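# 3D, please:
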Amino acid sequence: MTPRQPFHWHALLDFLRPRLIAGWESIDNDVYRRGDVTVRYDGRRLHASSDDPEVLARVRRLFDVDADVDAIAAHLGKDKLLAPLLKKHPGLRVPGAWDPFEVAVRTIVGQQVSIAGATTIMSRIVSRYGTSPERIARGRTNPGMPQSRWEAIRALARAVAKTELRLECGGKAAALLDYHGIGPWTAEYLAMRVFRDTDAFPYNDYGIRKALGTTNDKQVIERAECWRPWRAYAAVLLWRSLSS
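Alright, predicted model coming up:
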């Protein structure tokens, strides 16, 4: 498959690398591996080792292949803060989800925990229950997090297992706020990665606040208003600016 150019493959790998689930996925020599599937980029095309339609759909979603990079750059490039970031990091994408439920669990696990700590706990969950909503919903053994957070994950798993909640493209952050343990940051982050909402924006994210030089949520929200409907891509640019 051919992503719209430019396509910042290495930024995607940099985002995914510290979040990999041991034994399930890996990145070696700029090649992403998930089970028996590998994905590599040759500078023009993405090559997946499987031609299964479901696998290819997951690849497109995870690597945000269909992002309208021209429209995004044209709009965000009008902003004095974002314009130089776009030039420095052309073709940034919003990392998606190979498995939407897995990313939802991982996001709750990662609340107020370091990326490394969340990765460790997530690996425990996956080794014990896999990524099955049904199995996690029945899980009794806390994998090493606050009990309230574990119960929030189990409640989410029950909702997904019963199809009361559908984690699929087109959803909105507001649909998640009724679930215990899911606040604004979690809802907006999941809307970015799982619902593929291009305007989702975790305004109270630490990295975004740091990049904007403020801890005032109102100021962040007001500053981001002109970035609509591409605030998710603005968030990725701001995160990237902190690591380079």
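# which one is Ser148 nearest to, not counting chain neighbours?
In this structure, Ser148 finds its nearest non-sequential neighbour in Gly181, 6.8 Å apart by Cβ to Cβ, 6 or more residues apart in numbering. (Each C-beta comes from the backbone N, C-alpha and C, glycine too.)
# what of Ala97?
Using Cβ to Cβ, 6+ apart and skipping the chain neighbours, the partner closest in space to Ala97 is Val103 (4.0 Å).
# is it true that the one you found touches Tyr189?
No: using Cβ atoms under 8 Å, Val103 is not in contact with Tyr189; the gap is 9.1 Å.
# which of the two has more residues huddled nearby?
More crowded of Val103 and Tyr189, by other Cβ atoms under 10 Å: Tyr189, with 23 against 20.
# now the more buried one: phi and psi?
The phi/psi pair for Tyr189 (degrees, to the nearest 10) reads phi -60, psi -40.
# on that earlier part again, give me the neighbour count for the residue nearest to Ser148.
The local packing of Gly181 (other Cβ under 10 Å) involves 17 other residues.
# one more: Thr214?
Around Thr214 there are 13 residues (other Cβ under 10 Å).
# mind checking how far the residue nearest to Ala97 is from Ala118?
Distance, Val103 to Ala118, by Cβ to Cβ, to the nearest Å: 12 Å.
# cool, Ser127 as well?
The gap separating Ser127 from Ala118 is 15 Å, by Cβ to Cβ.
# okay, the two: which has more neighbours?
Set Ser127 next to Ala118 and count neighbours by other Cβ under 10 Å: Ala118 wins out with 20 against 13.
# for the more buried one, which non-adjacent residue is spatially closest?
Sequence neighbours aside, Gly110 is the residue nearest to Ala118 in space, at 3.7 Å (criterion: Cβ to Cβ, 6+ apart).
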